[in-house]
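Engineer: Prediction below, plus the sequence it came from.
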Amino acid sequence: MPANTDTTNDAAHGQAATSQGTETAATRGTRAGRDTPGEAATPTDEVAPAEAVAPLLRGIAVLRRLSEADGGGTLSLSALEKATGLARSTVDRVTATLARMGYVRLDGRDVILAPRLMELGNAYLAALRLPALLSSRADALADELDESVSLAVGDRDGIRFIHQATRRRAMSLSFRIGDLLPAERTAPGPLFATEWTETDWHRFRTRRAADPEDRTFPAVPARDHTAQGHDFPHRTATAAADDCSLDDQLIEPGLVAVSVPVRDPGTGRVACVASVVSHTSRHTAEDLRTTLLPRLRSAVRSMENDLRTAPPPERGTPRTGLATWTAASKHELGREFIESLARGLTVLTAFGEDRPALTLTEVAKATGLARATARRALITHEHAGLVTQTPGHNTFALTPRVLSLGFPPLSRSTLPQIAQPHLTALAAHVHESASLAVLTDSGEEIQYTARASTGRVMSARVTVGTRLPARATSLGRVLLSLPEVRSQGYALVDEELEPGLRSIAVPVRDRTGRVVAAVNVAMHAARRTTRSCVTEILPALTETAGHIETDLRVAGRFRQVPLT
């Protein structure tokens, strides 16, 4: 179905809702120049261009509301309806489309962000290249100083994190990759503001006047007094003179940070800002300047050298047909699938490490969309602040705001959290309990990290956290990579751990192909023979492991996913 059919149908929905006194998210967003808290307003109220795709704007609004939810990326359908102002039928269609894309998961009446959504933020981070080139330096500095180290980029009059190396302690940094903070309450902010234009300063003053307590920045606590931030121009001038900046408890009491700019070797402009973050129980702000700043400057010099000597990205095979699958989904799901929304979001995945900037023709070729359809999607993304057009070059690039689409809550996902819905689906399918486990540091035991059980009277009942001898379990034999397991791809244990208990397990591998966990199905021996375990259970088990691996590869592209 052509994209404009979806647009027409949803536009009719929106008009009907507005005529009844209900303001839609798309209407509210286009009228106010933004459609989400934390997204700084433009200097003047903007109306969406006539060619903008309304369903795409609504899909973006839904993803942003889910990203800001207190429940870590979960809202009920009725809560989404209230938060977006969209008609319930529109919310149902948008979430059904996002679920088809694998970007959300529908669990009863709840809508939950899914790891695959991170592919949008991954596209931005890959095109940016900074995390891939500099994160190892940040991690090493964090290890050396035993303090949290972050990398941030500017996002209009805010800053957004692109890498976090956090220390694990009772008082530790809680910011996530993708979190947006007001520039004036951070150490990196003044460094970015040294390059602001008058338009940028006007945007800053307009936002502060409209939101004096920072209520639209969910990643930080509200300001305790509205006078905070009026000295920002002075802090910016000081940062320009010192080439560094301090945050002395501007975000909340006890939190201090020192920042140094990492400059692009070609232009000399600030590419990102590296920060060391601590607590006043360990360092005062001035102590950071005298004791840790020299080491931070040294690390930044190494980062800048890495940027200077980095080879250009290898040009891969041009991507084609990214959005051609949407027609089949539209044919299968009919009106419940909004093809223009799916096509529009897929446009963002056309960008990458070797494709940081694309022309309209290149976007159309990569997605398989008609130029007119790709152009409307880019116009919509530009209005939403997700894409910027390079003046005079006729190319488009992703902005840091792409990270607002689910990346902050999902960037804290652990392997058990990623695996749980897949284990639940597997247990429901085979009517047996399913588990995920990892090998302990000793290498002698396994530890169960996720479980899904069935309603059978007699079933394998092992709680999360339980440890068992590795060699006596199918999970352990997979994790120990025994020769037989490597050759056949699975391990089957028949009543060795306990009489009557039979289980079969397969490995779960990370992006590098390393076995990091195992998943199994356990049952009473009376219910299935060893042969039926292989013929009936193994295919579904292998498929489940594949789904977990797919999510793990996406979630772990720019961060280390905790295994427990």
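Structural biologist: Ah, there it is.

Engineer: Ranking helices and strands of the protein by mean pLDDT, which lands last?
Structural biologist: Ranking every helix and strand in the chain by mean pLDDT, DSSP states H and E puts helix 25-32 at the bottom, with a mean of 35.

Engineer: Return the distance of the following helix or strand past that one from the chain's centre.
Structural biologist: Reading on from helix 25-32 to the C-terminus, the next helix or strand found by DSSP states H and E is helix 54-68. How far helix 54-68 lies from its chain's middle: 15 Å, per Cα atoms, centre = their mean, to the nearest Å.

Engineer: List the pairing partners of the helix or strand that comes right after helix 54-68 within its sheet, with orientation.
Structural biologist: Next helix or strand after helix 54-68 toward the C-terminus (DSSP H and E): strand 74-76. With DSSP bridges as the test, strand 74-76 is paired with strand 110-113 (antiparallel).

Engineer: Show me which residues of the strand it pairs with are buried.
Structural biologist: For strand 110-113, burial by neighbour count (16 or more other Cβ atoms under 10 Å) applies to 111-113. Yep, even glycine has a C-beta here, placed from its N, CA and C like the rest.

Engineer: R263: how many residues sit nearby?
Structural biologist: For R263, the count of nearby residues is 17 (other Cβ atoms under 10 Å).

Engineer: do the same with the one 3 residues further on
Structural biologist: G266 is surrounded by 9 other residues when neighbours are defined as other Cβ under 10 Å.

Engineer: so which strand or helix has it?
Structural biologist: Using DSSP H and E, G266 is not contained in any helix or strand.

Engineer: can you offset everything so residue one is 260?
Structural biologist: In the new count, where the first residue is 260, that last one comes out as G525.

Engineer: picking that back up, for R761, state which of the buried residues of strand 369-372 is nearest.
Structural biologist: Among the buried residues of strand 369-372, I371 lies closest to R761 (Cβ to Cβ), at 33.0 Å.

Engineer: Which strand residues bridge that closest one?
Structural biologist: Going by DSSP bridges, I371 forms beta bridges with T333, R364.

Engineer: Can you spell out which helices and strands pack onto the helix or strand harbouring A500?
Structural biologist: Per DSSP H and E, A500 falls inside helix 491-501. Where contact means 3 or more Cβ pairs under 8 Å, 6 or more residues apart in numbering; DSSP states H and E, helix 491-501 is packed against helix 447-452, strand 504-507.

Engineer: Follow the chain on from the last one and name the next helix or strand.
Structural biologist: Using DSSP H and E, the next helix or strand after strand 504-507 towards the C-terminus is strand 514-522.

Engineer: residues making contact with the helix or strand hosting S588?
Structural biologist: Assigning secondary structure by DSSP H and E places S588 in helix 585-592. With contacts defined as Cβ atoms under 8 Å, 6 or more residues apart in numbering, helix 585-592 is touched by 260, 355, 359, 596, 598, 601-602, 605.

Engineer: tell me the mean pLDDT for that helix?
Structural biologist: Mean pLDDT, computed over helix 585-592, is 95.

Engineer: Work out the gap between it and the centre of the chain.
Structural biologist: Worked out by Cα atoms, centre = their mean, helix 585-592 lies 26 Å from the chain centre.

Engineer: List the buried residues of that helix.
Structural biologist: Residues of helix 585-592 classed as buried under the neighbour-count rule (16+ other Cβ under 10 Å) are 585-586, 588-589.

Engineer: Domain map for the chain?
Structural biologist: Domains of the chain are assigned by automatic domain parsing as 262-379+575-669, 389-568, 674-814.

Engineer: from the helices and strands packed on helix 491-501, which stretch is densest packed?
Structural biologist: helix 447-452 (a mean of 28; mean count of other Cβ atoms under 10 Å).

Engineer: Mind checking what helix or strand follows it in sequence?
Structural biologist: According to DSSP H and E, the helix or strand after helix 447-452 is helix 457-469.

Engineer: name the helices or strands packed onto that following helix?
Structural biologist: Against helix 457-469 (3+ Cβ pairs under 8 Å, 6+ apart) you get helix 447-452.

Engineer: ok, back up a step: now, the contacts of helix 585-592 that are in helices?
Structural biologist: Using DSSP state H, the members of those that fall within helices are 355, 359, 598, 601-602, 605.

Engineer: How far off centre is the helix holding A500?
Structural biologist: Computed by Cα atoms, centre = their mean, the chain-centroid distance of helix 491-501 equals 32 Å.

Engineer: Check stretch 403-416 too.
Structural biologist: With Cα atoms, centre = their mean, you get 17 Å for stretch 403-416.

Engineer: For that stretch, which residues meet the burial criterion?
Structural biologist: Within stretch 403-416, the residues that count as buried by 16+ other Cβ under 10 Å are 404, 406-416.

Engineer: Mind putting those into JSON lines with secondary structure and pLDDT?
Structural biologist: Formatted as JSON lines, the buried residues of stretch 403-416 follow (DSSP: H, G, I helix; E, B strand; the rest coil; pLDDT from 0 to 100):
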{"residue": "L404", "secondary structure": "helix", "pLDDT": "95"}
{"residue": "E406", "secondary structure": "coil", "pLDDT": "94"}
{"residue": "S407", "secondary structure": "strand", "pLDDT": "94"}
{"residue": "V408", "secondary structure": "strand", "pLDDT": "96"}
{"residue": "S409", "secondary structure": "strand", "pLDDT": "97"}
{"residue": "L410", "secondary structure": "strand", "pLDDT": "98"}
{"residue": "A411", "secondary structure": "strand", "pLDDT": "98"}
{"residue": "V412", "secondary structure": "strand", "pLDDT": "98"}
{"residue": "G413", "secondary structure": "strand", "pLDDT": "98"}
{"residue": "D414", "secondary structure": "strand", "pLDDT": "97"}
{"residue": "R415", "secondary structure": "coil", "pLDDT": "95"}
{"residue": "D416", "secondary structure": "coil", "pLDDT": "95"}
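
Engineer: now, the most widely separated pair of the residues you listed?
Structural biologist: Longest span within the buried residues of stretch 403-416, Cβ to Cβ: L404 and R415, 30.5 Å.

Engineer: how about a markdown table for the ones in helices among the contacts of helix 585-592, with pLDDT, distance to G437 and neighbour count added?
Structural biologist: A markdown table is the format used below for these (pLDDT from 0 to 100; distance: Cβ to Cβ, whole Å; neighbours: other Cβ atoms under 10 Å):
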| residue | pLDDT | distance to G437 | neighbour count |
| --- | --- | --- | --- |
| A355 | 98 | 25 | 16 |
| R359 | 97 | 24 | 19 |
| E598 | 98 | 27 | 24 |
| A601 | 98 | 22 | 25 |
| R602 | 98 | 24 | 29 |
| T605 | 98 | 20 | 22 |
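
Engineer: Count the residues that sit near V306.
Structural biologist: Neighbour tally, V306, other Cβ under 10 Å: 11.

Engineer: pLDDT score for it?
Structural biologist: Value for V306, per-residue pLDDT: 88.

Engineer: For V532, grab phi and psi.
Structural biologist: phi -130, psi 130 (degrees, to the nearest 10).

Engineer: what does the helix holding A500 rub up against?
Structural biologist: Against helix 491-501 from outside (Cβ under 8 Å, 6+ apart): 442-443, 448-450, 452-453, 455, 463, 504.

Engineer: Check stretch 744-761 too.
Structural biologist: By Cβ under 8 Å, 6+ apart, stretch 744-761 touches 719, 727-728, 731-734, 736-737, 741, 743, 762-766, 781-785, 787, 789, 792-793, 797, 800-801.

Engineer: ok, the residue nearest the centre of the chain - contacts?
Structural biologist: When Cα atoms, centre = their mean is applied to the chain, the residue found nearest the centroid is F666 (2.1 Å). Neighbour list for F666: 326, 376-377, 379-380, 435-437 [criterion: Cβ under 8 Å, 6+ apart].
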